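In: Show me how the following folds:
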Amino acid sequence: MADTKVKEAPKTAPGAADAKGKDAAQQVATAAQPDGSMPGPDRPVAAENGAEPRAQAVAKAEFPKATYLRWYEQMQLMRKFEDKAGQLYGQQKIKGFCHLYIGQEACVAGAVSALEPGDKYITAYRDHAHPLALGTSPNAVMAELYAKATGCSKGKGGSMHMFDKEVGFMGGHGIVGGQIPMGAGIAFAEKYNKTGKLCICYMGDGAVRQGALHEAFNMAMLWKLPVIFVVENNGYAMGTSVQRSSNVTELYKLGLAYDMPSESVNAMQIEDVHHAVARAAERARGGEGPTFLEFRTYRYKGHSMSDPAKYRTKEELEEKRNHDSIEAVRHTILENQMATEDELNAIDERIKGEVQAAVDFAETSPYPTPDELFKDVYVQADYPYIHD
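Out: This is a model prediction of the structure:
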């Protein structure tokens, strides 16, 4: 088996590739080895038992002020939007399934800053944050949660099936692992059409035990598809810990069976997410094929709104909250005098207003009309199917 590691983090501008980095097939990045891409001498590492590495504020900013402020705004929008969605679900304004992303915001924000407009994103059903980070209107996302016609999926998808083609979001998908071969297929289309773009395919840690992952990994490596596979390892597949459901607890190692460059990433540290995705994107655009990234992260809520999360202790949750990725970015901004407390508080208040405006929009929007049931089923508008 080839010994594979992704390149060291770019030392130049955000998203820029380090052309002088080591070849991607020289070393293996393990969760227990130091990784020069992570800031500071006290780089947190993942323990051998699969525990998530600690997030930390970066004393000296690695990126420009505009990048940190954009990250802060994006993650706060995700957080406050999801907090409000949870409240509305409790009020039965939002019905059906609802899987919140609270705690995992850096997994998306750090990737968006590392990729380019026109790149494609696909994920599972924990999918509210992705379109928000990509620029979908909060109004359209909230209206979709309300099943209103003004939603981003016209009220037909709800929480689990958000789509927005205009920003490159190819949807949330309800079948566990079903989006993995689809992500490879999207990457195949980008390569076939010579667009120079790629697909980043997110999945939960439970999805890595689906056979579809292994089939997709094999084909993606065989055809050198421009795809970045990301497993968001938040420690629990629904309510079952990784340690209880997988012999391989360092999930990135699954990619090594296919000689796929694979890496464990501290995804509570947004700088690390950006660097890892930037390295993978450089490989993909250079025709070198896919990368598998294990984002070590943590969700503060249960698997879904119906999950009381009794499988973990309050102490565990509190410890994780002490290393919140949004607070780390906020601290870095303040320590490097990129903004004042008052300025950040003003951003928080503005985002609260945007979220409330989205709620008002959803409340006053109409439901889809009955004839919408037969629309958006086939591309061919006059497809001869019976609907009487």
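
In: these two touch, right, Y146 and T364?
Out: No. Counting by C-beta atoms under 8 Å, Y146 stays clear of T364, with 10.1 Å between them. (Each C-beta comes from the backbone N, C-alpha and C, glycine too.)

In: V265 - that's part of a strand, no?
Out: Yes. Under DSSP: H, G, I helix; E, B strand; the rest coil, V265 falls within a strand.

In: quick revisit: Y146 and T364: which is more packed in?
Out: Y146 (22 against 10; other C-beta atoms under 10 Å).

In: which residues does K65 contact?
Out: By C-beta atoms under 8 Å, 6 or more residues apart in numbering, the contact list for K65 reads I333, N336, M338, A339.

In: Out of those residues, grab the one that's most surrounded.
Out: For those, the largest neighbour count, defined by other C-beta under 10 Å, is 23 neighbours, found at I333.

In: sorry, back to before: from the contacts of K65, which land in helices?
Out: Among the contacts of K65, the members found in helices (DSSP state H) are I333.

In: which ones among the contacts of K65 are found in strands?
Out: Members of the contacts of K65 lying in strands (criterion: DSSP state E): none.

In: Tell me where this structure has helices.
Out: When secondary structure is read from DSSP H, the chain shows helices at 65-90, 106-114, 129-134, 138-145, 179-192, 211-222, 242-245, 270-285, 314-321, 325-335, 341-364.

In: For the fifth one, what is the distance to the chain centroid?
Out: So that's helix 179-192. How far helix 179-192 lies from its chain's middle: 17 Å, per C-alpha atoms, centre = their mean, to the nearest Å.

In: Can you list the helices and strands that it packs against?
Out: Applying 3 or more C-beta pairs under 8 Å, 6 or more residues apart in numbering; DSSP states H and E, one finds that helix 179-192 contacts strand 120-123, strand 169-172, strand 199-204, helix 211-222, strand 227-233.

In: For P370, find the nearest of those.
Out: Nearest to P370 among the helices and strands packed on helix 179-192 is strand 169-172; the distance by C-beta to C-beta comes to 24.1 Å.

In: buried sites along stretch 343-356?
Out: Using 16 or more other C-beta atoms under 10 Å as the burial criterion, the residues of stretch 343-356 that qualify are L344, I347, D348, I351, V355.

In: should've said stretch 279-296
Out: Of all the residues in stretch 279-296, those buried under the rule 16+ other C-beta under 10 Å are 279-284, 288-296.

In: And D35, what's its pLDDT?
Out: According to the prediction, D35 has pLDDT 35.

In: In contact with F217, which residues are there?
Out: F217 neighbours (C-beta under 8 Å, 6+ apart): F229, L254, G255, A257, Y258, M260, P290, F292.

In: again, only using 7 Å
Out: G255, Y258, M260 (C-beta atoms under 7 Å, 6 or more residues apart in numbering).

In: Looks like the last one contacts M221 (just checking).
Out: What that stands for is M260. Yes. M260 lies in contact with M221 (C-beta atoms under 7 Å); the separation is 5.5 Å.

In: residues shared between the contacts of those two?
Out: Contacts common to M260 and M221, judged by C-beta under 7 Å, 6+ apart, are P290.

In: want to throw the buried residues of stretch 343-356 into JSON lines with distance to K65 and pLDDT?
Out: Listed next are the buried residues of stretch 343-356 as JSON lines, based on distance: C-beta to C-beta, whole Å; pLDDT from 0 to 100:
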{"residue": "L344", "distance to K65": "12", "pLDDT": "97"}
{"residue": "I347", "distance to K65": "13", "pLDDT": "97"}
{"residue": "D348", "distance to K65": "18", "pLDDT": "97"}
{"residue": "I351", "distance to K65": "18", "pLDDT": "97"}
{"residue": "V355", "distance to K65": "25", "pLDDT": "97"}
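
In: returning to that earlier point: any residues in contact with both of Y146 and T364?
Out: Common contacts of Y146 and T364 (C-beta under 7 Å, 6+ apart): none found.

In: I'd like to know which of the helices and strands packed on helix 179-192 is closest to G86.
Out: strand 169-172 (17.2 Å).

In: average model confidence for that closest one?
Out: Mean pLDDT, strand 169-172: 95.

In: Just the residues contacting it, thanks.
Out: 120-125, 127, 130-131, 134, 136, 160-163, 186.

In: Quick one: the helices of the chain as TSV, columns for distance to V379 too.
Out: Below are those laid out as TSV (distance: least, C-beta to C-beta, whole Å):
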stretch	distance to V379
helix 65-90	32
helix 106-114	29
helix 129-134	22
helix 138-145	22
helix 179-192	15
helix 211-222	24
helix 242-245	39
helix 270-285	28
helix 314-321	45
helix 325-335	40
helix 341-364	29
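
In: residues touching Y252, list them.
Out: Going by C-beta under 7 Å, 6+ apart, Y252 touches S262, E263, S264, F292, L293, E294.

In: gap between the nearest residue to the fourth one once chain neighbours are set aside and S137?
Out: Distances taken as C-beta to C-beta, 6 or more residues apart in numbering place G255 nearest to F292, at 3.2 Å, with adjacent residues excluded. For G255, the distance to S137 under the criterion C-beta to C-beta, to the nearest Å works out to 35 Å.
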